[in-house]
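Chemist: Predicted model follows, preceded by the sequence.
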Amino acid sequence: MSREDGRQGAGADAGEQLALIRASVRETKATRAKPRTWRGAEPAAELPVARVLVDKGLVHLDRYFDYVVPAAMDAEARPGVRVRVRFGAGEKGGRREGGKLVSGFIVDRVAESDFRGVLAPLAQVLSPEPVLTPGLLALCRAVADRYAGSLADVVQLAVPPRRARAEAKESPPPLPPNAPPEPGSWQRYAAGPGFLAALTRGDAPRAVWTALPGATWPDELARAAAATLAGGRGALLVVPDGRAAARVDAALTALVGSGRHVLLTADAGPEERYRRWLAVSRGSVRAVIGTRAAMFAPVDRLGLVALWDDGDAAHSDPHAPQPHAREVLIQRAVGERAGFLLGGVSCTVEAAQLVETGWAHPLTADRERVRATAPRIRTVGEGDEARDEAARAARLPSMAWQVVREGLRHGPVLVQVPRRGYAPRLACARCRTPARCRACAGPLESPGADDLVCAWCGRAEPDWHCAECGGARLRAQVVGARRTAEELGRAFPAVPVRTSGRDHVLATVPDTPALVVSTPGAEPVAEGPGYAAGLLLDGWALLGRPDLRAGEEALRRWLTAAALVRGQEAGGTVAVIAEPTLRPVQALVRWDPVGHAVRELAERAELGFPPVSRMAAVTGRPDDIAALLASAGLPPGAEVLGPVPLPVPDPGRPRRPGDPPPGESWERALVRVRPGQGAALAAALKAARAARLVKREGEAVRVRIDPPDLG
DNA sequence: AGCACGCCGACT
DNA sequence: GTCGGCGTGCTC
């Protein structure tokens, strides 16, 4: 439903309308104790009505509200500025009483309102800074629609909170464009130099870039930005974390100096971050490097959006409506006719789909170069017995132990250990094929001791047999490899052990022999040529996660770690403890993330999984879910899976928004639609949810488009 | 979400 | 006659 719905029909004509407005202002003057903000106000002579996006109140209705612009505010009340308005009061004894003062944004100035009642005046223009510019508003609108969310929620993500001191300072005029950069290491990709040239020329090329292993990708991303800047356009680079942002920032500064770009990350602090954001919004700076919140940065004349490592969960915003940076940047590339670069050492199924559908072109190096640049990969199955005494002490297969020992003679060795807290999933005890539902192919769970139930559709599976090998025994896959890493340190007593993990993340380690123990995503970059060897210990924990993406995610984390190890020509070797016949393990050995993603994509298409189909998750009390789905005009062919009970959140964990209230058991249904029906699905769920909120039928249900945790 | 209006039962 | 129960509907 569009925001125009629910508006009253055509009201008075223009003359009457103006008279009504004037009367309303006079009445306010006469009856109120004249607050300073509108004392003596006459409506502005031109376009006296401000269309306002109100920040509180009926966010779910997603409508604008019209207010009179007092003449005194005429100059400052431009579209995009923050305002305060009275909202939510009714009539009291025939007089207009002010409601609560709430803040909002002017989205437009118009000559007349189609509201038939008496308009209230703007209470205050908070700041003359036009922060919600028309372009940014259009982006927020598109993202809200895509994710069945409200415009106000998305605007809150897109526009940083105001800091008056930052606004007071003027931003310097933009520097003239730099000279185009040399292609540098982009030469290693056949299409690389052409891609940069197209960006400088002003074209909008789109590429999915499979980066060669090594530490050059920050420089390559920076060169793409520099090439865009050289053509007089802006660039936006989004990376998963502050560490990556700092590396790209250093690379871009080396290429174009300072003053042409800003770094938008959380660690700058709110005021400095807002100051930098303003520099972008004011057109003083045309390039942005940042973490996911930067995906909305209002870059002037956007020529390139780039995203690094879209498989990283940090790209999914945890705030409603939980937009993903990849989808937002796709929207921007289309809406603002900008170039698009999706890069990573690995490849997500979504990235593969962009190439398969022809929306983007592959940007890859040839196989020879990949083989030469990547380390040698050796696999060790779980069953391999440790023969050496020392290897047995470290609880390691002897080959893995040898790889570490050999590596330590030449430099640092990276050991990847799993993080705690991965839920085990059920798989065939003989061949390790995940146990899946015969009806909908969802993952099977074992809530009780014996019963098997599908986590998606709830169907019981009393007589499970493995689809691959016919085995009838299941095993839950659990690992505790952290201890192994500790024992590994004891096995090499002469070598320093450094750890990098959640609380203590190291950016770099020196190029000297050391054991560097890290959880996935926290791997330090080794100075010099890189790690001499790597040991990937978390195979079962990664592959055992009850998630559709388990294989893709395991491969991504392995490749990310292995990419920090020297190439095999320089003696780099990586040992991975995982069953060598598994598809992600084979893709690692061949260093073929694209092949893996393409096969996953084909399989998802066959099984009707996202991203080939589109899904939404609806969570809440069972009867509320049923009522919402019944009232929603779901697109034709929409399929409802479940609902099934939601796993009870860990009682030790503090309650997060989205968790069921204590004592209530919630369920989750999945709605699946055919490709191309995602927008219709989002619109239907949004409308149904809004209607129920208005009528106050039952408790609120949560709607999530593209749920990331598809068991 | 608030908050006011409105239409029915026990008080002064 | 009047206070107040909370059902229903609106917020520029």
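Modeler: Now that the structure is in, tell me what you want to look at.
Chemist: Work out the gap between the host helix or strand of A:Ala687 and the centre of the chain.
Modeler: Using DSSP states H and E, A:Ala687 maps to helix A:678-695. Offset of helix A:678-695 from its chain centre (CA atoms, centre = their mean, to the nearest Å): 23 Å.
Chemist: The helix or strand just after that helix pairs with which strands, parallel or anti?
Modeler: Note on helix A:678-695: by DSSP H and E, the next helix or strand toward the C-terminus is strand A:702-705. Here strand A:702-705 has these sheet partners by DSSP bridges: strand A:614-620 (antiparallel).
Chemist: hmm, the partner strand in reach of DNA strand B?
Modeler: No. Strand A:614-620 does not reach DNA strand B (CB under 7 Å from any atom of the strand); its nearest approach is 13.2 Å. The C-beta positions use only the backbone N, C-alpha and C, and glycine is treated the same way.
Chemist: between that strand and helix A:678-695, how big is the angle?
Modeler: For strand A:614-620 against helix A:678-695, the angle by axes from the mean of the first three to the mean of the last three CA atoms, to 10 degrees is 20 degrees.
Chemist: mind listing what's buried in the helix or strand just after strand A:614-620?
Modeler: Per DSSP H and E, the first helix or strand lying C-terminal to strand A:614-620 is helix A:622-631. Neighbour counts over helix A:622-631 (16 or more other CB atoms under 10 Å) mark A:Pro622, A:Asp624, A:Ile625, A:Ala626, A:Ala627, A:Leu628, A:Leu629, A:Ser631 as buried.
Chemist: For the fourth one, give me its contacts.
Modeler: This means A:Ala626. Applying CB atoms under 8 Å, 6 or more residues apart in numbering to A:Ala626 gives the contacts A:Pro643.
Chemist: Then the last one?
Modeler: Contact criterion CB under 8 Å, 6+ apart gives A:Ala688, A:Ala691, A:Arg692 as the residues in contact with A:Ser631.
Chemist: mind checking how far the second one is from DNA strand C?
Modeler: Per CB to the nearest atom of the strand, to the nearest Å, A:Ala691 is found 13 Å from DNA strand C.
Chemist: ok, that residue - how many residues close by?
Modeler: If you count neighbours by other CB atoms under 10 Å, A:Ala691 ends up with 15.
Chemist: which residue packs closest to it, ignoring adjacent ones?
Modeler: A:Ser631 (6.7 Å; CB to CB, 6 or more residues apart in numbering).
Chemist: for the last one, same thing?
Modeler: When the adjacent residues along the chain are set aside, A:Arg692 lies closest to A:Leu628, with 6.2 Å between them (CB to CB, 6+ apart).
Chemist: how much space is there between that neighbour and A:Ala226?
Modeler: A:Leu628 sits 49 Å away from A:Ala226, going by CB to CB, to the nearest Å.
Chemist: Also A:Asp624?
Modeler: For A:Asp624 relative to A:Ala226 (CB to CB), the value is 52 Å.
Chemist: For A:Leu263, name its beta-bridge partners.
Modeler: With DSSP bridges as the rule, A:Leu263 is bridged to A:Ile289.
Chemist: Is it correct that it is in contact with A:Ala246?
Modeler: Yes. At 7.4 Å, A:Leu263 counts as touching A:Ala246 under the criterion of CB atoms under 8 Å.
Chemist: okay, those two: which has more neighbours?
Modeler: Between A:Leu263 and A:Ala246, counted using other CB under 10 Å, A:Leu263 has the larger neighbour count: 23 against 17.
Chemist: Contact partners for the more buried one?
Modeler: For A:Leu263, the contact set (CB under 8 Å, 6+ apart) comprises A:Ala245, A:Ala246, A:Asp249, A:Arg276, A:Ile289, A:Gly290.
Chemist: what would these look like in TSV with distance to A:Val143?
Modeler: Shown next, in TSV, are the contacts of A:Leu263 (distance: CB to CB, whole Å):
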residue	distance to A:Val143
A:Ala245	22
A:Ala246	27
A:Asp249	26
A:Arg276	22
A:Ile289	21
A:Gly290	17
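Chemist: out of these, what pair is the most spread apart?
Modeler: Farthest-apart pair in those is A:Ala246 and A:Arg276; separation 14.2 Å (CB to CB).
Chemist: Now do the residue nearest to A:Arg692 against DNA strand C, distance only.
Modeler: For A:Leu628, the distance to DNA strand C - CB to the nearest atom of the strand - is 19 Å.
Chemist: Next one, pLDDT for that residue please.
Modeler: At A:Leu628, the model reports a pLDDT of 89.
Chemist: Off-centre distance for stretch A:234-243?
Modeler: That offset, for stretch A:234-243, works out to 12 Å (CA atoms, centre = their mean).
Chemist: An error on my part: the question was meant for stretch A:633-642.
Modeler: 26 Å.
Chemist: and A:Arg502, that's in a helix?
Modeler: No. Counting by DSSP: H, G, I helix; E, B strand; the rest coil, A:Arg502 falls outside a helix, being coil.
Chemist: isn't it right next to A:Thr519, touching?
Modeler: Yes. Taking CB under 8 Å as the definition, A:Arg502 is a contact partner of A:Thr519 at 6.7 Å.
Chemist: residues near the residue lying closest to A:Gly135 once chain neighbours are set aside, how many?
Modeler: Nearest residue to A:Gly135, sequence neighbours excluded (CB to CB, 6+ apart): A:Pro298, at 6.5 Å. Using other CB under 10 Å, A:Pro298 is surrounded by 25 other residues.
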